[in-house]
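**Q** sharing a model prediction with you, sequence too.
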Amino acid sequence: MRLAITACLAASWLSACGGPPADAVAAPASAPALAPESRPEQPASKPAVVAFRGRSGELVNPDDTTMVLLYFDLAELPAPIDQYLEDDMRVRMARPADKPAQREVVRKELEAGLKGVHGVGAIRLSMHANLSEYDSAYGEFTVRALAPSSVVEFKALGQKVRLKFGNARNAQVWRVAAEQAQGVRDRIGFSGDVSLDALLAIRDVHAAPESGTIMVNVIEYELRENRGGTLLGRVQPAP
């Protein structure tokens, strides 16, 4: 379906808690890899989310259909509801006498979905990520899931929507002090696989036949170790 995503709709995360600075590595005091005295303090500021066209709503791990409906809403294009009705398997498989009722059921679902995405300007997205080897010259890891070439794809209702990161060049960089980097590698193992939870602010939309692109900026993200869910770091990249 996409780079590596499963999703569900609706929750309020715009008041996400503040965390250590972008170049910090956070870990419990009991963790041997990172010394307690090296853990930075929590900053008072919260990540700023500038509303796109005044849109203040937020989705949490939206599914493919929701993202397609969001694309139509952002692009201010009419969703081809009548076409979707006839393509829906519940309508196609229904007996002739039951088709009108099934069409009405599907129509109401799609109309509710369109209403649910109206006004959405931010997305919370969870995905699998992969860290590069530590670059000691620059004091950083690269989060490959947020690289400029990365695209998250959603496919539903005969439409494809791509999510691209407008500030990927900055977002992909996770700066870590050299004395902490080995502790991070010890936690995540040889593969470099981690879990990533990101707050994304919608910045633009580009329409195209049977496909479209939603541009987002990464406002904040957390990296966690896959096995135990231990917080490795919290990053607020530059716009």
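**A** Sure, I can see it.

**Q** now do the strands in this structure.
**A** 57-60, 120-130, 140-142, 151-156, 159-165, 173-175, 193-208, 211-225, 231-235 (DSSP state E).

**Q** can you check which helix is longest in this protein?
**A** If you go by DSSP state H, the chain has its longest helix at helix 99-117.

**Q** what is that one packed up against?
**A** Judged by 3 or more CB pairs under 8 Å, 6 or more residues apart in numbering; DSSP states H and E, helix 99-117 is in contact with helix 64-75, helix 81-87, helix 89-93. Yep, even glycine has a C-beta here, placed from its N, CA and C like the rest.

**Q** deepest-packed of those helices, please.
**A** Between those, helix 64-75 has the highest mean count of neighbours, a mean of 23, where neighbours are mean count of other CB atoms under 10 Å.

**Q** which residues sit against that helix?
**A** 1-2, 7, 9, 52, 59, 62, 78-79, 110, 113-114, 116-118, 120, 154-157, 159, 161, 163, 202, 205, 207, 212, 214 (CB atoms under 8 Å, 6 or more residues apart in numbering).

**Q** could I get the contacting residues of P96?
**A** P96 sits next to no residue when contact means CB under 8 Å, 6+ apart.

**Q** gap between it and Q102?
**A** Between P96 and Q102 the distance is 11 Å, computed by CB to CB, to the nearest Å.

**Q** re earlier: gap between the longest helix of the chain and the chain center?
**A** On the basis of CA atoms, centre = their mean, to the nearest Å, helix 99-117 sits 26 Å off its chain's mean C-alpha point.

**Q** pLDDT (mean, whole number) over it?
**A** For helix 99-117, mean pLDDT is 96.

**Q** quickly list what T142 is bridged to.
**A** Beta bridges link T142 to V173, judged by DSSP bridges.

**Q** buried stuff in stretch 163-173?
**A** Applying a neighbour-count criterion of 16 or more other CB atoms under 10 Å, one finds 163-168, 170-173 buried in stretch 163-173.

**Q** return the residues in contact with E111.
**A** By CB under 8 Å, 6+ apart, the contact list for E111 reads I81.

**Q** distance between the ends of stretch 206-213?
**A** Taking CA to CA, to the nearest Å, stretch 206-213 runs 5 Å from one end to the other.
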